[in-house]
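Novice: compute the structure for the input listed below.
(one chain, ligands or ions: 2)
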Amino acid sequence: MKDILVTCPPMLGQFDRFVEFAAERGLKLHRAEVTQILSEDELCAVLPDYDGWIIGDDPATRRVFETAQKGRLTAAVKWGIGVDNVDFAACKDLGIPIINTPMMFGAEVADVATAFVIGLARELFTIDRGVRAGNWPKPAGISLLDKRVGVIGLGDIGRHTVTRMRALGMQVVAYDPGVEGDAGFDGLERAAWPEAVEDLDFLVFTCALNKHNFHMLDADVLARCKPGVRIVNVARGPLIDEAALIAALQSGHVYSAGLDVFEEEPLPMDSPLRGMDRCIFGSHNGSNTIDGVIRASHEAITRLAGFYSPEGEG
Ligand SMILES: NC(=O)c1ccc[n+]([C@@H]2O[C@H](COP(=O)([O-])OP(=O)(O)OC[C@H]3O[C@@H](n4cnc5c(N)ncnc54)[C@H](O)[C@@H]3O)[C@@H](O)[C@H]2O)c1
Ligand SMILES: O=C(O)[C@H](O)COP(=O)(O)O
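Specialist: Ligands and ions are numbered 1, 2, ... in the order given. Sure thing, here's the model as predicted:
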């Protein structure tokens, strides 16, 4: 049996469900005990005792892999899609096989993006908070029919998001430098960056974070947005300059935002965002459905077990 450390929060949430599935494939799963997101130092302290690692949002840095390899670590899998926290180049240099689990829950994350769009349009959460507080608020929302929404990123999540936005009767314009043509959507309007943000009622981020697009939505790009735009991010916090977004929300240039991800997670207690009533926040939980987590966790376990098989295929 290979000893495997699991540090991924959604998988930890249903941990017991996966113990037997993993054991049948030669893996003994161990729950990370320190915190749900371990620090680099914590990882360096515990990982050398394990043969493998199912990675969550932790800092999977070169130092962590080098330290772990001096112990027992020989393979790893990034649970989920985003790999911005994982130094794949270091793994290649060190000869540690590693892979992620793409295409496992694009629909689920797109559902959250859609919930944010509808919630922001109708101020559902503002109303909910008001009713709970003993009030009876009646803010006028905006209709979604024929409104323009920009979808930034046409990967798995982005495509599911386009489907959902179109089903709401919205006009979709998409930006993704890695995808050509209409991405399988009849007559899909495409635009360049940052022109794509102009004249939108909603701007929805669904793209991967990489070394080219840190703060792609900064103060300059925000200034190009239509006054009153509503912004949604279900991808990664650092795509947006959060300080610039806060300033735009405070000035009213951006009407509201729905954010599942932040520059710093968990969102700091003193973040001005916490006081912004029109906004909706998630806890980087877009992928977390019972079904989606089972799907991704089985995939992660199967791929990791594959690295230890004679053929060594993850
Ligand atoms: N909120 C959550 O819980 C949650 C869950 C899953 C994934 N994510 C994030 O969402 C991201 C996208 O997931 P996916 O399954 O669609 O990944 P994917 O790999 O299928 O697609 C990513 C797309 O982003 C595009 N892209 C890269 N740079 C871009 C840019 N500057 N502008 C526009 N598009 C750009 C790529 O060309 C690609 O088509 C993940 O990388 C991850 O960071 C968040
Ligand atoms: O990148 C992903 O797939 C998602 O963000 C979910 O994974 P995480 O909860 O490990 O970030």
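Novice: surely L29 is in a helix?
Specialist: No. Assessed with DSSP: H, G, I helix; E, B strand; the rest coil, L29 is strand; it does not lie in a helix.
Novice: excluding residues flanking it in the chain, which one is nearest it?
Specialist: Spatial nearest neighbour of L29, excluding adjacent residues (CB to CB, 6 or more residues apart in numbering): A22 at 4.8 Å. All C-beta spots, glycine's among them, are computed from the backbone N, C-alpha and C.
Novice: cool, and N100?
Specialist: In space, N100 is closest to K78, 4.1 Å off (CB to CB, 6+ apart).
Novice: contacts only, for the one you found.
Specialist: Counting by CB atoms under 8 Å, 6 or more residues apart in numbering, K78 touches 55, 60, 86, 98-101.
Novice: show me what it is bridged to.
Specialist: The partner list for K78 in beta bridges (DSSP bridges) reads I55, N100.
Novice: which pLDDT does the model give it?
Specialist: We have a pLDDT of 98 for K78.
Novice: ok, now how distant is it from F65?
Specialist: Per CB to CB, to the nearest Å, K78 is found 12 Å from F65.
Novice: for ligand 2, what's the nearest residue on the chain?
Specialist: G80 (2.3 Å; CB to the nearest ligand atom).
Novice: and that residue, how many neighbours?
Specialist: G80 is flanked by 27 other residues according to other CB atoms under 10 Å.
Novice: now for the longest helix seen in the chain, which elements pack on it?
Specialist: Ranked by residue count under DSSP state H, the longest helix found in the chain is helix 290-308. The contact analysis (3 or more CB pairs under 8 Å, 6 or more residues apart in numbering; DSSP states H and E) places helix 290-308 against helix 9-13, helix 16-23, strand 27-31, strand 52-55, strand 75-78, helix 106-122.
Novice: please see if it touches ligand 2.
Specialist: No. Residues of helix 290-308 are not located near ligand 2 by CB under 6 Å from any ligand atom, the shortest gap being 7.5 Å.
Novice: in that helix, what counts as buried?
Specialist: Using 16 or more other CB atoms under 10 Å as the test for burial, helix 290-308 gives 292-308.
Novice: ditto for stretch 48-58
Specialist: Per 16+ other CB under 10 Å, stretch 48-58 contains these buried residues: 50-58.
Novice: got a list of what E66 touches?
Specialist: Residues near E66 by CB under 8 Å, 6+ apart: 90, 94.
Novice: please export the C-alpha coordinates of the helix or strand of the chain with the lowest mean pLDDT as CSV.
Specialist: One helix or strand of the chain scores below all others by mean pLDDT, DSSP states H and E: helix 9-13, with a mean of 92. Provided in CSV are the C-alpha atoms of helix 9-13 (Å, rounded to 0.1, in the frame of the first residue of the first chain):
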residue,chain,number,x,y,z
PRO,A,9,-10.8,20.6,1.0
PRO,A,10,-13.7,19.3,-1.1
MET,A,11,-12.3,15.7,-1.1
LEU,A,12,-11.7,16.0,2.6
GLY,A,13,-15.3,16.8,3.0
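Novice: who touches it?
Specialist: Taking CB under 8 Å, 6+ apart as the rule, helix 9-13 contacts 6, 18, 31-32, 36-37, 54, 56-57, 79-80, 285, 287-288, 293, 296-297, 300.
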